[in-house]
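A.B. asks: Whatever this is, show me its structure:
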Amino acid sequence: MSSPATKPLYKRKPSLKGLSGPTYSLSGIASRYNLPNPAALQPGIEMSRGQLESWPVHPIAESTSNLSLGQSHRPKSVTHHGKQKQASRADIEQSIIPKPKFLEQLEDYLQRELQKSNCPPQGPDLIRLQAFREVFDYLMEDFRTYKPLMSAIKNEYELVIDYQQEQIRRLPSLEMALGTVEEECERKIIAMKQEEKIDVRNLREENKRLGRVIDQANEEKASLQAQVDRLSEELSLSYKKYRDEADARKLLVSDINELHFRQQDAGKGKVDEDDDPVLLKLFLNRAREDLKRSQTQMNEVLADYQDVVPRNEFTKLEQTCTTLQEEHDKLKSDYRTLMQEHSTLLGVHKEVVAQRDKYARESELMKRSSTPRPDWERCGDYIEGGTDKWNELTDGRTSDEMVDVLISQLTGTSLEAIQPVEFFEAQGTSEDLPKHLRFDGQVRNRRLNRKDSMLFAEEVWQERERLRTSGEELEAFPDFFSTYLQQRFFEQVQIAEWGYNIHDACSRLRDEDQRIALFGDILDGEVDEEVYHQQVAVFKKLCVQLDAASDKSGEEDVVSKDELAASLFNVWPAKPQTAVEALTKLCEDDQYHSGNGKVNYKKLLLEDAASTSPFLDLLRRQEKAERIDFVSEIEQALKGKSDITVDELRQAILAVDPGRSEYEVIRMMMCGFAFSKASELDDSTVAMETSKLVKLLQSGAVNRLGRRE
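C.D. replies: Residues are numbered from 1 along each chain as shown. Just a heads-up that it's a prediction; the model follows:
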C-alpha cells in the first residue's frame with residue numbers, strides 16, 4: 001500500500017445522493033426507478049495501471065494468512081477457545097485493514113436502493129434482484145478483463161429466471177383446463193349416481209313386489225292348511241256318525257226280523273187253533289202297518305246315512321290326503337327355489353335388456369353413419385406423381401387425414417389451410433354483437449362434436465324450462481344464454497370460449513341435426529323460442545296418440561301403418577298426403593318391423609344426444625317447410641301490398657286458413673306485428689311493411705291448423 005506522502009489511490013467521487021441517471025422499471029410494477037449518474041461510481045478508475053488495490057494489503061495480512069494456513073493443518077480436536085481466538089484475530093485484522101473505497105461505495109449504494117424500494121430483508125424478490133443486478137453491472141464494467149465471463153454467467157442466470165417466470169405464467173391456463181376436466185368428471189359422476197339411484201329404486205320396487213307375492217303365497221298356504229284341517233275334522237266326525245248309524249242299522253234290522261218272525265209264528269198258531277177270518281184280517285192289517293212303519297224307518301235311515309263313507313274308503317281317503325300333503329310340501333319347496341331362480345333371472349334379464357338396447361342403439365347409429373371402406377389406392381392414379389407420391393403423402397394417416405391430403409392435391413391448397421384452426425379470433429366488444437360473443441383476443445377451438453353440442457343445448461333447455469315453470473320473468477333467449485354461461489363458468493375467457501364454440505357448432509352441424517340448427521336459429525334471434533316449445537308439445541301429443549292406438553290393438557309399442565298415418569293426421573290435420581306417405585315409407589326398413597307386419601313406433605321416435613331417427617329428422621324438416629309455405633301463401637294473399645294493416649292481415653289469414661279460431665288468429669297477428677298484448681291490435685291505423693311482417697311470421701310459431709281444401 002502506498003505511503004501517505006504519495007498520490008492518493010482514489011479520487012473523491014461524486015456523492016450518490018440525488019439520483020439523476022437513467023431510469024428502469026420491473027415487470028409487473030408500473031413505477032419507474034432512477035439510477036445514479038454513471039460518473040458517480042466512475043467505473044474502471046481502478047483498472048489503471050498501478051492504481052488497483054488489493055484487500056487486505058497490510059503486512060499483517062500476510063502473517064495472518066500464514067498463521068491461518070499453519071493452523072489449518074492442526075488436528076480436528078481443536079478446542080472451542082482456540083476457535084474464538086482465531087475469530088478475534090480475524091476481526092482485529094478486518095478492523096485494522098480498511099475496505100477499498102469502490103467496494104464501500106457499491107455496498108452503500110446497494111443498501112440505499114434496498115431501503116428505497118421497501119423490499120423484504122430476505123427471501124426471493126424481483127425488486128431486490130434488480131438492485132443487485134445494477135450493482136453487478138457496475139462491477140462488470142469496472143473489471144473489463146473478466147466482463148465477458150461474468151456477462152455469460154449473468155445471462156445464464158437471466159435465462160433460467162425468464163424460463164421459470166414463463167412456467168409460472170402458464171400455470172393459470174393449466175389450472176383452468178384442470179378445472180374444466182374436474183367439472184366434466186363431476187358431471188359424469190353425478191350422471192352415474194343418478195343411474196345408480198334409478199337402479200336401486202327399481203330393485204327396491206321389485207323387492208317389494210316379490211314380498212307381496214310371497215305374502216300371497218303364505219296366505220294361500222295358510223288357507224289350504226285350514227281347509228285340510230277342517231276337512232279332517234269333518235271326516236272324523238262323519239266316520240264316527242257312520243259307525244254309530246251302522247250299528248243302529250244292524251240292531252234295527254235285527255229287531256225288524258225278530259218282530260216279523262214273531263208275527264209269523266203268532267199268526268200261524270192262531271190260524272191253526274181257530275181259523276177265524278176276522279182275526280186273520282186284523283193280524284194282516286197290523287202286519288201291513290208294521291211293514292209300512294219299518295219301510296219308512298228304513299227309508300229315513302237310508303236318507304240320513306247315504307253320505308256316510310265306509311271305513312275302508314275312509315282309510316283310502318286318509319292315505320290319499322297324506323300323499324297330497326307331502327306333494328304339497330314338495331311343491332312349496334320347489335316354488336321357493338323357483339322364486340329365487342326367478343329373481344336371479346329377472347336381474348340377468350334386466351342387464352341383458354340394457355345391453356341389448358345399448359347394442360341396438362349403437363347398431364342403428366353404425367347403420368346410419370358407417371360406410372364401406374374406400375379404396376384409397378385408386379386416388380394415386382389421379383394426382384400428380386402417381387401412386388408412389390400418394391403412398392408417400394398418406395403413409396401413417398387416418399381416413400380423415402387422407403381426405404385432407406386429397407383435397408389439398410386436387411385444389412392446390414396447403415394442408416394447414418384445410419385443417420381446422422386452433423383458435424377463434426374474437427369479434428370485439430361491440431354492442432351490436434350478442435353478449436356471449438363480446439370478447440377481445442383469441443379463444444380456443446374445442447371442435448365440439450354433435451353429441452357434446454346437443455348435451456350442452458339440452459342442459460340450457462332444462463334450465464330455461466325450470467325458469468318457465470317457476471313463474472319468473474323471462475329475458476330474451478340470447479340474454480338468458482349469456483347469463484347461463486356467466487353462472488356456470490364465471491371466468492370471462494371460458495364464457496367467450498363456450499359462446500364461440502357453441503356458435504361454431506350450430507353453424508357447422510346444422511345440416512346434420514335439425515335440433516342443433518333450431519337451437520342456433522333461436523340463439524341468433526332468427527326464430528322465436530316458442531317454435532321449440534311448440535315442437536316438443538306436438539311430439540308429445542303424437543306419442544300419446546300412438547300409445548292409445550297401441551293399447552286399443554292390445555299389442556305393446558306397435559301400430560299398423562294405417563294407425564300411424566291416422567295419428568299423424570290427428571296431430572297435423574293440414575299435413576299433405578305426400579308428406580305422410582314419405583313418413584310411412586321410412587317404416588319399411590327392417591329395423592322398425594315387429595315381425596307381424598306392424599311398426600315399432602318406439603324405435604321410430606328414438607333419439608338421444610348423439611343421434612336421432614330418420615323419422616323425427618324428416619318430421620322436423622317437413623314442419624319447417626310447411627311453416628314457410630304457409631307464410632308464403634299469406635304473403636301471396638296480401639297481393640303485393642307495401643304496408644299491411646291489422647284488418648288486412650286478418651283477412652289474409654282467414655283466406656288461407658278459414659277454419660282457424662279467433663284466438664289463433666289473434667296470436668298469429670300478435671306474432672306478425674311483434675305485439676306483446678292483444679289490446680294493441682285495436683288500433684286500426686297500425687301498419688307494417690310486408691317484408692318485415694313476413695320475416696316475423698316466418699320466425700314465429702305459426703302453422704296451418706285446418707285441412708287443405
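
A.B. asks: quick one: the helices in the stretch 551-700 of the chain?
C.D. replies: 561-571, 577-585, 601-604, 614-637, 646-656, 662-673, 690-699 (DSSP state H, counting those that start in this stretch).

A.B. asks: Could I get the buried residue list for the fourth one?
C.D. replies: This points to helix 614-637. 615-620, 622-624, 626-627, 630-631, 634-635 (16 or more other C-beta atoms under 10 Å). All C-beta spots, glycine's among them, are computed from the backbone N, C-alpha and C.

A.B. asks: Same question for stretch 398-406.
C.D. replies: Quick answer for stretch 398-406 (16+ other C-beta under 10 Å): 402, 404, 405, 406.

A.B. asks: can you redo the residues you listed as TSV with secondary structure and distance to residue 513?
C.D. replies: As requested, the buried residues of stretch 398-406 are exported to TSV (DSSP: H, G, I helix; E, B strand; the rest coil; distance: C-beta to C-beta, whole Å):
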residue	secondary structure	distance to residue 513
402	helix	26
404	helix	24
405	helix	28
406	helix	26
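
A.B. asks: Could you dump those into TSV and include distance to residue 340?
C.D. replies: Shown next, in TSV, are those (distance: C-beta to C-beta, whole Å):
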residue	distance to residue 340
402	57
404	60
405	62
406	62
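
A.B. asks: Tell me the one among these nearest to residue 191.
C.D. replies: residue 404 (34.7 Å; C-beta to C-beta).

A.B. asks: re the thing from before, can you tell me which of the buried residues of stretch 398-406 lies nearest to residue 483?
C.D. replies: residue 404 (38.9 Å).

A.B. asks: Distance of the closest one relative to residue 189?
C.D. replies: Separation of residue 404 from residue 189 (C-beta to C-beta, to the nearest Å): 37 Å.

A.B. asks: And for residue 559?
C.D. replies: For residue 559, the distance to residue 189 - C-beta to C-beta - is 40 Å.

A.B. asks: Comparing these two, which residue is more hemmed in?
C.D. replies: residue 559 (26 against 10; other C-beta atoms under 10 Å).

A.B. asks: wait, isn't that one in contact with residue 546?
C.D. replies: Yes. Counting by C-beta atoms under 8 Å, residue 559 sits close enough to residue 546 to count as a contact (5.8 Å).

A.B. asks: who touches both of these two?
C.D. replies: 567, 601 (C-beta atoms under 8 Å, 6 or more residues apart in numbering).

A.B. asks: Contact partners for the residue nearest to residue 433 when sequence neighbours are not counted?
C.D. replies: In space, and not counting its chain neighbours, residue 433 is closest to residue 427: 5.8 Å by C-beta to C-beta, 6 or more residues apart in numbering. Contacts for residue 427 (C-beta under 8 Å, 6+ apart) come out as 433, 437, 438, 439.

A.B. asks: contacting residues for residue 310?
C.D. replies: Here residue 310 is in contact with residue 242 (C-beta under 8 Å, 6+ apart).

A.B. asks: quick one: low-confidence ranges for the chain?
C.D. replies: Along the chain, the model assigns pLDDT under 70 to residues 1-97, 123, 266-276, 367-372, 411-421, 590-591, 594-595, 684, 706-709.

A.B. asks: quick check: longest helix of it.
C.D. replies: Ordering each helix of the chain by length in residues (DSSP state H) puts helix 147-273 first.

A.B. asks: Please name every helix or strand in contact with the very next helix or strand once past it.
C.D. replies: Remark: after helix 147-273, the chain's next helix or strand is helix 277-304, criterion DSSP states H and E. In terms of contacts (3 or more C-beta pairs under 8 Å, 6 or more residues apart in numbering; DSSP states H and E), helix 277-304 is packed against helix 147-273.

A.B. asks: residue contacts, the residue nearest the centre of the chain?
C.D. replies: Geometric centre of the chain, nearest residue: residue 191, 5.5 Å, by C-alpha atoms, centre = their mean. Applying C-beta under 8 Å, 6+ apart to residue 191 gives no contacts.

A.B. asks: Please tell me how far it sits from residue 216.
C.D. replies: For residue 191 relative to residue 216 (C-beta to C-beta), the value is 38 Å.

A.B. asks: Check the contacts of residue 427 for burial and list the buried ones.
C.D. replies: 437, 438, 439.

A.B. asks: how about the nearest residue to the last one, chain neighbours excluded?
C.D. replies: Read that as residue 439. Per C-beta to C-beta, 6+ apart, closest to residue 439 is residue 496, 3.6 Å.
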